[in-house]
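**Q** what follows is a predicted structure for the sequence shown.
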There are 6 protein chains.
Amino acid sequence: MSDERYDRGIKILREHFGEQADELIAKIASASPDFAHINVTFPFGELYARDGLDQKTRELCAIAGTVCLGHALPQLRLHAIGALRCGATKQEVLEVIIQMIAYAGFPAATNALLAVSEAMDAHQADE
Amino acid sequence: MSDERYDRGIKILREHFGEQADELIAKIASASPDFAHINVTFPFGELYARDGLDQKTRELCAIAGTVCLGHALPQLRLHAIGALRCGATKQEVLEVIIQMIAYAGFPAATNALLAVSEAMDAHQADE
Amino acid sequence: MSDERYDRGIKILREHFGEQADELIAKIASASPDFAHINVTFPFGELYARDGLDQKTRELCAIAGTVCLGHALPQLRLHAIGALRCGATKQEVLEVIIQMIAYAGFPAATNALLAVSEAMDAHQADE
Amino acid sequence: MSDERYDRGIKILREHFGEQADELIAKIASASPDFAHINVTFPFGELYARDGLDQKTRELCAIAGTVCLGHALPQLRLHAIGALRCGATKQEVLEVIIQMIAYAGFPAATNALLAVSEAMDAHQADE
Amino acid sequence: MSDERYDRGIKILREHFGEQADELIAKIASASPDFAHINVTFPFGELYARDGLDQKTRELCAIAGTVCLGHALPQLRLHAIGALRCGATKQEVLEVIIQMIAYAGFPAATNALLAVSEAMDAHQADE
Amino acid sequence: MSDERYDRGIKILREHFGEQADELIAKIASASPDFAHINVTFPFGELYARDGLDQKTRELCAIAGTVCLGHALPQLRLHAIGALRCGATKQEVLEVIIQMIAYAGFPAATNALLAVSEAMDAHQADE
């Protein structure tokens, strides 16, 4: 019944994160197959599949949000790649993090900057 | 020396928030003139004044970030107006909040939704 | 396609929160019908519908989690009712909050205690 | 057995918060006498009773910490009074909040500033 | 005077965490003996020693709460062991984390899942 | 125009953090020179440069605040050094962390304690 959601979700995940999409889902599935299934079907199969915002803007908003969470460095590394793959420039990603200094404070923004910068450099070295 | 930053900041504040910009700064200044000055010069005179992201995208990112903070309902009400004034549609603002369910969880996203929706309705009734 | 998830979700919502379930969903729907639909289908139609934990334990865990979020007082008021309706005693709900002092600190736990206590008293006065 | 901790805690609470100490404890006790007892014996009877930091510095640190929590406005109002009663000036309290902009971000710091400023004004009007 | 609290606390700590209880307290004591003493006497000697909730439910609530904190991965690893030792199944622990997706969002829940899963596997390999 | 702010900021950074000041700014600058510049000019060139609180009290407040953020361990390690260099004793730093148990809860306070204790030991071994 949720196959359609799963197929849509995994397609969006791969468009955003490339090879890292399947690695992420496999890693989560080895801890809990149900969690992995939900992680595909709900945020990607339902939320990111919605109209009304282009995927580049969604990725910049994902970065803004996860900077403010403070505890989401693995997700920031992933969405940094997602932003680049969805058409954002490295400079735009950094710009969002600099803007978030005002909302999240320096510790969260600095930790985010260092994680995101490293992830973007590694991604660009791969290409 | 920081007059230039102040002038630039108050101009951006008024472009984003209209009349509410001066009300906000006056309210903060009545508690601490120094805090109010910093609130104009740093986030708006320095960060929002930067190139590299258009102001509509900045406002959507501000909403994404403040949803994830969880404790920033007054700021969400303000940035909802800011997003509309910078060219976002009501639907785009709601779409960011719906996306943030995945990052902030339902309590933060629901509280944000109700605050933002009320602020956008009041803003549109004023026009 | 998601009707089944919706029906299951709204049924669980009503079992947990009684009349307040429909009031909550109507309030959210007046801000965003899509958000309201997601709020029924995902947390209640999917997560709370899972086997593996009884609904009373789920409600006590929901209280533990929302105390630790710090910003979720409206949700705490609701889950306090949910816990009672799912078979928890008032004393068990208070006991979870007292335990959470260790994880969330006194400000979050105190604010939670006062909100939850008021909600439970109002609920018991209604019966 | 814990009477000594209780007596020491209530004494410190009254020194810090004056009449508001007993109001606070009574309000918490009406929700849960056990929580109220713990709130006296542990943070005040044990932690604030320790040597090694003077009570004024403790109050300024309490303000710094609760600004960064983001969700602790009732506690900020109380500790603003506590700081004044322990010898801090209004300006020192505001200075801590201004410093915390760097750590907590503007939303948390602004909400704290407005709550604390109001509480300090009300306290000074009472005297 | 607080020996009774200490003895009760260390006993509960060992019941919940086995060998890791003493390792944890020794590690904390090497940084601050006073902190270590408080960590035994207050959360375990006072809070966990209370009646009104069985220790398995307390451990599931501890997991729910620490998932929502977002920054508490070392504590999640410990309480995963505690939950198993207090009678929860691996599946129940995972179920609490899956439920917390709704409250804490995916980043906090995913990071928790991976930490907890690893800790439970290591614990079961030891037995 | 902001050279004065930069010069004042870098001077304060070096007074607080010694060699680690330049290492920190270089590391941030390699990810984003603009972020590094802002990190010098705003928190240190503007906020820490203000009168009204001595630098030792500012460092103790920085520790109190970053303990409560929960996600700021790299910053805690740095401010532990800053506190010592500004005249605080190791015992005073630990005392602030012990006090913060009440506000931040045990997980945040324990993680902070271990990070800070290690940083202070390494700093004292260097001298």
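**A** Okay, I see it. Numbers count the residues shown, from 1 in each chain, chains lettered A, B, ... in the order given.
**Q** contact residues of chain A facing chain B?
**A** Contact residues, chain A versus chain B (CB under 8 Å from any CB of the partner chain): A:42-43, A:47-48, A:50, A:52-53, A:57-58, A:60-69, A:72, A:75, A:91-92, A:95-96, A:98-104. Just so you know, the C-beta spots here come from the backbone N, C-alpha and C atoms, and that holds for glycine as well.
**Q** name the element the most centrally placed residue in chain A belongs to?
**A** Centrality entry for chain A: nearest residue to the mean C-alpha point is residue A:79, 2.6 Å, by CA atoms, centre = their mean. Take DSSP states H and E as the rule and residue A:79 turns out to sit in helix A:73-85.
**Q** could you do residue A:121 as well?
**A** Here residue A:121 sits within helix A:106-126, counting by DSSP H and E.
**Q** any idea how far that helix is from the chain center?
**A** Relative to its parent chain, helix A:106-126 has a centroid offset of 13 Å by CA atoms, centre = their mean, to the nearest Å.
**Q** does the very next helix or strand once past the helix holding residue A:79 reach chain E?
**A** Downstream of helix A:73-85, the first helix or strand assigned by DSSP H and E is helix A:90-104. No: Helix A:90-104 stays clear of chain E (CB under 8 Å from any CB), getting no nearer than 12.9 Å.
**Q** same check on stretch A:67-79?
**A** Yes: judged by CB under 8 Å from any CB, stretch A:67-79 and chain E are in contact via A:69-72, A:74-75.
**Q** which strands or helices does the helix holding residue A:121 pack on?
**A** Applying 3 or more CB pairs under 8 Å, 6 or more residues apart in numbering or on different chains; DSSP states H and E, we find helix A:106-126 packed against helix A:55-69, helix A:73-85, helix A:90-104, helix D:90-104, helix F:19-31, helix F:33-39, helix F:55-69, helix F:73-85.
**Q** which helices and strands does the last one pack with?
**A** Put plainly, it is helix F:73-85. Packing contacts for helix F:73-85, counted by 3+ CB pairs under 8 Å, 6+ apart, involve helix A:106-126, helix F:3-17, helix F:19-31, helix F:55-69, helix F:90-104, helix F:106-126.
**Q** quick one: which of these is nearest residue E:14?
**A** helix F:106-126 (17.5 Å; CB to CB).
**Q** any idea how many residues pack against the residue nearest to residue A:104 when sequence neighbours are not counted?
**A** Nearest residue to residue A:104, sequence neighbours excluded (CB to CB, 6 or more residues apart in numbering or on different chains): residue A:68, at 4.5 Å. Number of residues near residue A:68 (other CB atoms under 10 Å in any protein chain shown) recorded here: 30.
**Q** what sits against residue A:68?
**A** With CB atoms under 8 Å, 6 or more residues apart in numbering or on different chains as the criterion, the residues that contact residue A:68 are A:100, A:103-104, A:108, B:64-66, B:68-69, D:105.
**Q** ok, and the closest non-adjacent residue to residue A:94?
**A** residue F:32 (5.0 Å).
**Q** the one you found reaches residue A:113, doesn't it?
**A** Yes: counting by CB atoms under 8 Å, residue F:32 touches residue A:113, with 6.0 Å between them.
**Q** can you check the pLDDT for residue A:67?
**A** For residue A:67, the model assigns a pLDDT of 98.
**Q** near chain F, which residues of chain A show up?
**A** Counting by CB under 8 Å from any CB, chain A sits next to chain F at A:70-71, A:94, A:97-98, A:101, A:105-111, A:113-114, A:116-118.
**Q** out of those, which end up buried?
**A** When the residues of chain A next to chain F are checked for burial by 16 or more other CB atoms under 10 Å in any protein chain shown, the buried set is A:70-71, A:94, A:97-98, A:101, A:105-111, A:113-114, A:116-117.
**Q** secondary structure element for residue A:51, which one?
**A** Taking DSSP H and E as the definition, residue A:51 sits outside all helices and strands.
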